[in-house]
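Trainee: Test case, fold it:
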Amino acid sequence: MDLLRFITAGSVDDGKSTLIGRLMYDSKNILIDQLEQLEKQSKNKQAGEIDLALLTDGLRAEREQGITIDVAYRYFSTPKRKFIIADAPGHVQYTRNMITGASNANLIIILIDARQGVVEQTRRHSIIASLLKIPHVVVAINKMDLVEFSQDVFNNIVIDYTKVAQQLGLQDITYVPISALLGDNIVDRSQHMDWYDGESLLDLLEEVEIENDLNLTNSRFQVQFVIRPQTDDLHDYRGYAGKVISGIYKKGDKVKVLPQGIETSISKLEIAGKEVEEVYAPQSVVIHLAEDIDISRGDSIVKPDDHLVVSNEASVLLCWMDEKPLQAGNKYYLQQNSRLVRSVIKSIDYKIDVNTLSHQPVEGGVKLNEVVKATIKAASPLVFDSYNRISANGSAILVDETSNSTVAAVLFQEPDI
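Mentor: Below is the predicted model of the structure:
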């Protein structure tokens, strides 16, 4: 059974948390004790109804204000698929949280209030989805019960959003009219909208094809741990453990170790202690090489003829996540998967307006939630692809050297951009 990671995004009060609560409630993924707790906390609600938003609004401040502040992750499953949901905040000042939640998503559900239509936050979240190259987009037009389940309202919003999607180059977009509060088109097809001939939201989530989202052409493997037991039984054992980021590796394949640039071949492959003939993304494996090479955590094993960047400098997009402004010349740790290197912000080229994608000058440093184009210089070579090519090998984070706090999300760009 495969796993779908998806995120919900939209403006404040569009019903994201209610939607997730409804998905879990109607698909019978809420435990009895959770249900009892929800009923107790919902006593002040009118008509004694259960407030399903409380299932994801986990922070006390969120419950007091009736808004989502942090990204809430929830797990549920059906007989067809497992799911991890990220409920992202709708407020502008929590854009960094939305980017964090969307970074590993296969799909994004963008909620639109049927009464409001496409608004600024709709465009903002759609731009972030395009920057992060989320492969599948579901536009859920919510609160259809408050517009009398009007087909005209739905069609007009579809027309408006189609223009946004075309401008941003979003692919694989599906539109669904829903009422998260009442459950229309969430798990079961709505009886109020017989004009809609598409699938319910859960049916879409269960059936969306994500196998093709994996890159099985370009092979990328980064060493997380060098296994050297040095026991009598395993005296000569030397294995390199990690996760296959992309591509396929077979026993006997010629490979190249980067950044050293040394070529060798694969002598053995293991999964969970058992020898196998081939491995592929996203499996966790142990690779054995024919020659003894000085390999450390963070080094990459790739195919000899595959193109990727090995350089101390990288052109990047940064989403700034710290209260303290970013300045050119600041030093940070750069963590790219298991590779950790010291780095410095060599230059900050421009700021990207996340509402229009226009380029703007940076004045007085980069502020919280701003996205900028910058150049990073690392103390030792980085091995990466552009984010557009292989996102898992084209992303990283910046970590403050003093506090160890994550201060920025990093998207590597093509060197000539």
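Trainee: What ranges does this structure have for its helices?
Mentor: Along the chain, the stretches classed as helices by DSSP state H are 16-26, 32-41, 60-65, 95-102, 120-131, 151-168, 201-207.
Trainee: Run through the bridge partners of Ile287.
Mentor: Beta-bridge partners of Ile287, counted by DSSP bridges, are Tyr240, Leu269.
Trainee: Give me the neighbour count for it.
Mentor: Using other Cβ atoms under 10 Å as the criterion, Ile287 is surrounded by 23 other residues. Backbone N, C-alpha and C define where each C-beta goes, glycine included.
Trainee: Repeat that for Glu211.
Mentor: Glu211 sits with 7 neighbouring residues when counted by other Cβ under 10 Å.
Trainee: With adjacent residues omitted, what lies nearest to it?
Mentor: The shortest distance from Glu211 to any residue that is not its chain neighbour, by Cβ to Cβ, 6 or more residues apart in numbering, is 7.7 Å, and that residue is Asp2.
Trainee: how near is the one you found to Lys274?
Mentor: With the distance defined as Cβ to Cβ, to the nearest Å, Asp2 ends up 22 Å from Lys274.
Trainee: Was I right to think Gly239 contacts Val285?
Mentor: No. Contact status for Gly239 versus Val285: not in contact, 9.2 Å apart, counting by Cβ atoms under 8 Å.
Trainee: Quickly list what's touching both of the two.
Mentor: Counting by Cβ atoms under 8 Å, 6 or more residues apart in numbering, the common neighbours of Gly239 and Val285 are Glu270.
Trainee: quick revisit: mean pLDDT for the helices of the chain - can I get that in JSON lines?
Mentor: Supplementary listing: the helices of the chain in JSON lines, determined by pLDDT from 0 to 100:
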{"stretch": "helix 16-26", "mean pLDDT": "82"}
{"stretch": "helix 32-41", "mean pLDDT": "54"}
{"stretch": "helix 60-65", "mean pLDDT": "40"}
{"stretch": "helix 95-102", "mean pLDDT": "71"}
{"stretch": "helix 120-131", "mean pLDDT": "84"}
{"stretch": "helix 151-168", "mean pLDDT": "94"}
{"stretch": "helix 201-207", "mean pLDDT": "95"}
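Trainee: nearest to Ser338, of the ones you listed?
Mentor: Comparison of these against Ser338 by Cβ to Cβ identifies helix 95-102 as nearest, at 19.3 Å.
Trainee: residues in contact with Lys254?
Mentor: Contacts for Lys254 (Cβ under 8 Å, 6+ apart) come out as Glu263, Thr264, Ser265, Lys303, Pro304.
Trainee: per the record, what domains does the chain have?
Mentor: As given by automatic domain parsing, the domain ranges for the chain are 3-213, 220-302, 309-412.
Trainee: Off-centre distance for the last one?
Mentor: When you say that, I think you mean domain 309-412. 17 Å (Cα atoms, centre = their mean, to the nearest Å).
Trainee: Endpoints of it, how far apart?
Mentor: The first residue of domain 309-412 is 10 Å away from its last residue (Cα to Cα, to the nearest Å).
Trainee: Same check on the first one?
Mentor: One end of domain 3-213 to the other measures 13 Å (Cα to Cα).
Trainee: ok, now the shortest one?
Mentor: From the first residue to the last, domain 220-302 extends over 5 Å; the measure is Cα to Cα.
Trainee: Quick check: mean pLDDT of that domain?
Mentor: Mean pLDDT, taken over the full extent of domain 220-302, equals 92.
Trainee: before we move on, what about the last one?
Mentor: Mean pLDDT, domain 309-412: 92.
Trainee: and the nearest residue to Asp292 once chain neighbours are set aside, how far is that from Phe225?
Mentor: Closest residue to Asp292 in three dimensions, ignoring its sequence neighbours and counting by Cβ to Cβ, 6+ apart: Arg238, at 6.7 Å. Going from Arg238 to Phe225 by Cβ to Cβ gives 12 Å.
Trainee: Neighbour count for those two, which is higher?
Mentor: Of the pair Arg238 and Phe225, Arg238 is the one with more neighbours under other Cβ under 10 Å, namely 17 against 12.
Trainee: distance of the nearest residue to Ile112 once chain neighbours are set aside from Glu275?
Mentor: Residue nearest to Ile112 in three dimensions, not counting chain neighbours: Ile141, with 5.1 Å by Cβ to Cβ, 6+ apart. When Cβ to Cβ is applied, the distance between Ile141 and Glu275 equals 52 Å.
Trainee: can you give me the strands in the stretch 201-350 of the chain?
Mentor: Read by DSSP state E, counting those that start in this stretch, the stretch 201-350 of the chain holds these strands, from start to end of the chain: 220-227, 239-246, 248-250, 254-258, 262-271, 274-276, 278-280, 284-289, 300-302, 309-320, 331-336, 339-352.
Trainee: Just the buried positions in stretch 180-197, please.
Mentor: When neighbours are counted by 16 or more other Cβ atoms under 10 Å, the buried residues of stretch 180-197 are found to be Ala180, Leu181, Gly183, Asp184, Asn185, Ile186, Val187, Ser190, Met193, Tyr196.
Trainee: And for stretch 326-346?
Mentor: Judged by neighbour count using 16+ other Cβ under 10 Å, the buried positions of stretch 326-346 are 326, 330, 332-339, 341, 343, 345.
Trainee: Just put the residues you listed in TSV and tack on distance to Ile134.
Mentor: Listed next are the buried residues of stretch 326-346 as TSV, based on distance: Cβ to Cβ, whole Å:
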residue	distance to Ile134
Leu326	25
Asn330	29
Tyr332	26
Tyr333	27
Leu334	24
Gln335	22
Gln336	20
Asn337	20
Ser338	24
Arg339	25
Val341	28
Ser343	27
Ile345	27
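Trainee: Great, nothing more from me.
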